[in-house]
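Asker: Build me a model:
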Amino acid sequence: MRVRVYPLLWFLLLIVFGFREKEGVLEHAFAKGESLQFKINFGFLTIGKGTFEIASQAESYLGQDCYRVSVKGATTGLLKWVAPVYDEWGALIREDDLTPLYTFRNIREGRYQLEEQVFIQPDQGTLTVESLKPHRKVKRRPTRYY
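Answerer: Numbering: from 1, shown residues only. Okay, here's the model as predicted:
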């Protein structure tokens, strides 16, 4: 049995030298203003659509420049009337080290509704979760600390 060494050698060289970071420059796999659109199909029927967006300009949050990332998804067509879904998630992520500082989600799935915000303090190692129930008279639940 003959073992081929060359493909393994090329693979190891690619791993060692191919994935190095440039000196002092951190490159991200995304860019400001980037947007992706998705269609969700069940057979030949389109049952939903979604988008992933990064804002074209930096946003300042707590004195730091951040990326604003948002993801939206919804049902379409006849399914929108049978099982309506509209979900939205978002985050503010620090530009320099990609640490999230704030996230939110607004969920609308039929009768179920939820609005939630998470405030992250990475320096203190804590996060605060605020949940809002939009369909009730008392909208704020007690804030939880983790």
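
Asker: For Gly50, report the pLDDT, please.
Answerer: We have a pLDDT of 91 for Gly50.

Asker: where do the strands sit along the chain?
Answerer: 35-42, 45-54, 59-61, 64-75, 85-94, 100-109, 112-121, 126-132, 144-145 (DSSP state E).

Asker: who wins for proximity to His28 among these?
Answerer: strand 64-75 (8.8 Å; Cβ to Cβ). C-beta here means a position set from N, CA and C on the backbone, and glycine is covered the same way.

Asker: Show me what the closest one is packed up against.
Answerer: If you count contacts as 3 or more Cβ pairs under 8 Å, 6 or more residues apart in numbering; DSSP states H and E, strand 64-75 packs onto strand 45-54, strand 59-61, strand 85-94.

Asker: Would you reformat the strands of the chain as CSV and include distance to Ala29?
Answerer: Shown next, in CSV, are the strands of the chain (distance: least, Cβ to Cβ, whole Å):
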stretch, distance to Ala29
strand 35-42, 12
strand 45-54, 11
strand 59-61, 20
strand 64-75, 12
strand 85-94, 13
strand 100-109, 16
strand 112-121, 22
strand 126-132, 25
strand 144-145, 33
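
Asker: Could you export those strands as CSV, including mean neighbour count and distance to His28?
Answerer: Converted to CSV, those look like this (neighbours: other Cβ atoms under 10 Å; distance: least, Cβ to Cβ, whole Å):
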stretch, mean neighbour count, distance to His28
strand 35-42, 11, 15
strand 45-54, 15, 10
strand 59-61, 12, 16
strand 64-75, 17, 9
strand 85-94, 17, 10
strand 100-109, 16, 14
strand 112-121, 15, 19
strand 126-132, 15, 23
strand 144-145, 8, 31
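
Asker: Mean pLDDT lowest where, among these?
Answerer: strand 144-145 (a mean of 56).

Asker: which residues make contact with stretch 31-39 from outside it?
Answerer: Defining contact as Cβ atoms under 8 Å, 6 or more residues apart in numbering, one finds that stretch 31-39 is touched by 46, 48-58, 67.
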